[in-house]
Structures are given as structure tokens and as C-alpha cells.
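Trainee: Sharing a model prediction with you, sequence too.
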Amino acid sequence: QVQLQESGPGLVKPSQTLSLTCTVSGGSITTSYYAWSWIRQPPGKGLEWMGVIAYDGSTYYSPSLKSRTSISRDTSKNQFSLQLSSVTPEDTAVYYCARGATMWHSWGQGTQVTVSS
């Protein structure tokens, strides 16, 4: 069974870049046709899909976040990462990594990221 675990700073200052890593175990991120997403949930709001990296390394982003978002991977460590630039307090949220592109089969436990000076 695939398991995912997010890691990264819990506090980021405005205008800086938020960086998170998802470590995958129990399966390879290069397994054919698998995809790996980043999703966030701001306080009091619903889930927001941010973007995905596919098994072949191709990436797709939410149009509303595309200009600030980058997803990459390290296949040697079986990890994929999120970078969100120019953050503001509105980017405060619980950030999740998950397996899947539009339907998510396995989730990490989530990590709280607060944007504040």
C-alpha cells in the first residue's frame, strides 16, 4: 500500500517561497500511469488542487496558481516536491500530497503551513 508523508517548514514569511517535499513509500513514483498531486485546504475553506506530476515527469498546474507553482521530483529518493513563490497570508493552509490526478487514492497526513512575518 502506497504511503505518503509531507515535510517542510511550518512557517514562511510573506514574499518568500514555500517548499514542501512528499516522500512516497510502498510504491514508485515512476510506476506507469501513476500521478502525484499537491492539494491544499485554507482554514475554513474547501480543498484546492494545486498541480500534479505524472509518472513520466510531466506536470500540470491549476490555472489560478500556475504562475507561482512548480512541482519537481527526485526519483532516486522517491520524492516529489512543491514550490510556491511570492507567498502571502492567503497561502496559509494545510498542504497535502496525494496519489492521483483528479481522484486521489492515497493521501499524506497533511502539513500546516502558515505565512506570516
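Mentor: The structure has been received and is ready for your questions. What you are looking at is a predicted structure, and each value in this text was computed from that prediction instead of being measured. Residues are numbered from 1 along each chain as shown.

Trainee: Report pLDDT for the closest residue to Leu65 other than its chain neighbours.
Mentor: Distances taken as C-beta to C-beta, 6 or more residues apart in numbering put Met50 closest to Leu65, at 5.5 Å, once the chain neighbours are dropped. All C-beta atoms are positioned from the backbone trio N, CA, C, and that covers glycine. Looking at Met50, its pLDDT reads 98.

Trainee: again with Ser64
Mentor: pLDDT for Ser64: 97.

Trainee: related to what we said a few turns ago, quick one: the residue nearest to Leu65 and Trp36 touch, right?
Mentor: No - using C-beta atoms under 8 Å as the test, Met50 is too far from Trp36 to be in contact (11.6 Å).

Trainee: what about the two, which has more around it?
Mentor: When Met50 is set against Trp36 and neighbours are counted by other C-beta atoms under 10 Å, the residue ahead is Trp36, at 26 against 22.

Trainee: hang on, the more buried one in a helix?
Mentor: No - counting by DSSP: H, G, I helix; E, B strand; the rest coil, Trp36 is not part of a helix but strand.

Trainee: and it, bridged to which residues?
Mentor: Ile53, Arg99 (DSSP bridges).

Trainee: So it sits against Val24, correct?
Mentor: Yes - at 7.3 Å, Trp36 counts as touching Val24 under the criterion of C-beta under 8 Å.

Trainee: which residues do those two both contact?
Mentor: Residues touching both Trp36 and Val24 by C-beta atoms under 8 Å, 6 or more residues apart in numbering: 80, 99.

Trainee: hang on, the earlier thing: may I have the residues that are in contact with the residue nearest to Leu65?
Mentor: 37-40, 61-62, 65, 69, 82, 84.
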